[in-house]
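Asks: Return a 3D structure for these sequence lines:
(chains A, B, C and D)
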2 protein chains.
Amino acid sequence: MARAATTTDAFNAVAEPRRRDILDALARGERSVNDLVEQLGVAQPVVSKHLRVLREVGLVQVRDEGRQRIYRLEPAPLRQVFEWVKDYERLWTERFERLDAVLEDLKAEQAQADRQGSRPATSKTTDEERTS
Amino acid sequence: MARAATTTDAFNAVAEPRRRDILDALARGERSVNDLVEQLGVAQPVVSKHLRVLREVGLVQVRDEGRQRIYRLEPAPLRQVFEWVKDYERLWTERFERLDAVLEDLKAEQAQADRQGSRPATSKTTDEERTS
DNA sequence: CCATCGTATGCCAATATGGACATACGTCAA
DNA sequence: TTGACGTATGTCCATATTGGCATACGATGG
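Replies: Numbers count the residues shown, from 1 in each chain, chains lettered A, B, ... in the order given. Below is the predicted model of the structure:
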């Protein structure tokens, strides 16, 4: 089986840096294709193709204006990405908190060792349960 | 040029749903490969290959335990994804606020129209500036 | 030492990609 | 009408993918 199409969902669509650049540009306001071509400094067909992908996953909307096509950001599909990744943010924090706790423990043990002149006991505890 | 390798960055790595499943599983604790195989219900080589990708972008760490390999989540690289997408969350909120405002306006205009017996004026304003 | 377990890897097929280039198409101005 | 402009699309190339299958490999138990 081949890789999932970039038009499958927002995850695949924003995996391409150039497309993120396009979205970033559109986040600051509507843009015509040529505007984007200038801002990104890439060939026009390339931009058009990326816009097509973004259109197909609903990340942008188009509007005809004379011979120009004005693209507008449609952030809704990014919600899926945000919702998935946001839960992991807690893990960084937790990890840091846990690190702090470990350091505290070590300091305490060290202090006790200094007082008693013996080596700190190796406290071995699993920090995550293994539910299988 | 072909599509960027899945091992390029977290964006590409998590574009694959199965890999997100793996990360979700690991978020609840360490897992051996076979644990993951059972939980995901996919063939073992497939899991191993996805784990390889995740390893190469630093999203998981491995530890040998007898003949098992225990995988652990390393959420740090997801920060890049979070940081990029989080700014877009504001846009949903803003959009909703704007929608609320529009609805308020419509209601007000409607009320006035009812009082005066005329149709509400179409208020046309650009909501985003076009900086090129 | 040998068989088995747990895992990783190699090869294959089918598919999709992003970019370069050429070109088609619709709109507008003269 | 004709030509220029703005944009989309088609073709081609080189590359990478996911999953299936077979198999290699290291650790362990007998």
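Asks: can we go C-alpha only for contacts and neighbour counts from here?
Replies: Noted.
Asks: tell me the centre residue of chain A?
Replies: Residue closest to the average C-alpha location in chain A (CA atoms, centre = their mean): residue A:85, at 6.6 Å.
Asks: How about residue A:76: what's its closest non-neighbour residue?
Replies: Closest residue in space to residue A:76, ignoring its immediate chain neighbours: residue B:92 at 6.7 Å, by CA to CA, 6 or more residues apart in numbering or on different chains.
Asks: Quick check: the one you found vs residue A:82, distance?
Replies: From residue B:92 over to residue A:82 the distance is 11 Å, taken as CA to CA, to the nearest Å.
Asks: can you check residue A:89 too?
Replies: In terms of CA to CA, residue A:89 sits 11 Å off from residue A:82.
Asks: ok, those two, which is more surrounded?
Replies: Neighbour totals were compared for residue A:89 and residue A:82, and residue A:82 leads with 20 against 15 (other CA atoms under 10 Å in any protein chain shown).
Asks: who touches that one in this structure?
Replies: Applying CA atoms under 8 Å, 6 or more residues apart in numbering or on different chains to residue A:82 gives the contacts B:82, B:85, B:86, B:89.
Asks: pLDDT at it, what is it?
Replies: We have a pLDDT of 97 for residue A:82.
Asks: what does residue A:104 give?
Replies: pLDDT recorded at residue A:104 is 54.
Asks: Enumerate the residues of chain A near DNA strand C.
Replies: A:1-7, A:16, A:18, A:42-43, A:45-46, A:50, A:65-67 (CA under 7 Å from any atom of the strand).
Asks: change it to 10 Å
Replies: A:1-8, A:12-19, A:41-50, A:52-53, A:64-69 (CA under 10 Å from any atom of the strand).
Asks: Verify the contact between the residue nearest to the centre of chain A and residue B:80 for me.
Replies: No - counting by CA atoms under 8 Å, residue B:80 is not a contact partner of residue A:85; they are 10.0 Å apart.
Asks: quick revisit: what is the nearest of the contacts of residue A:82 to residue A:29?
Replies: Taking CA to CA as the measure, residue B:89 is the one of the contacts of residue A:82 closest to residue A:29, at 15.9 Å.
Asks: Now do the same contact list for the closest one.
Replies: A:75, A:79, A:82 are the contacts of residue B:89 under CA under 8 Å, 6+ apart.
Asks: Go through these and flag which are in helices.
Replies: Here DSSP state H is the test, and those give A:79, A:82 as lying in helices.
Asks: now the contacts of residue B:89 as CSV including distance to DNA strand D?
Replies: Conversion of these to CSV gives the following (distance: CA to the nearest atom of the strand, whole Å):
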residue, distance to DNA strand D
A:75, 19
A:79, 22
A:82, 20
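Asks: Just the ones in helices from the contacts of residue A:82, please.
Replies: Secondary structure defined by DSSP H assigns B:82, B:85, B:86, B:89 of the contacts of residue A:82 to helices.
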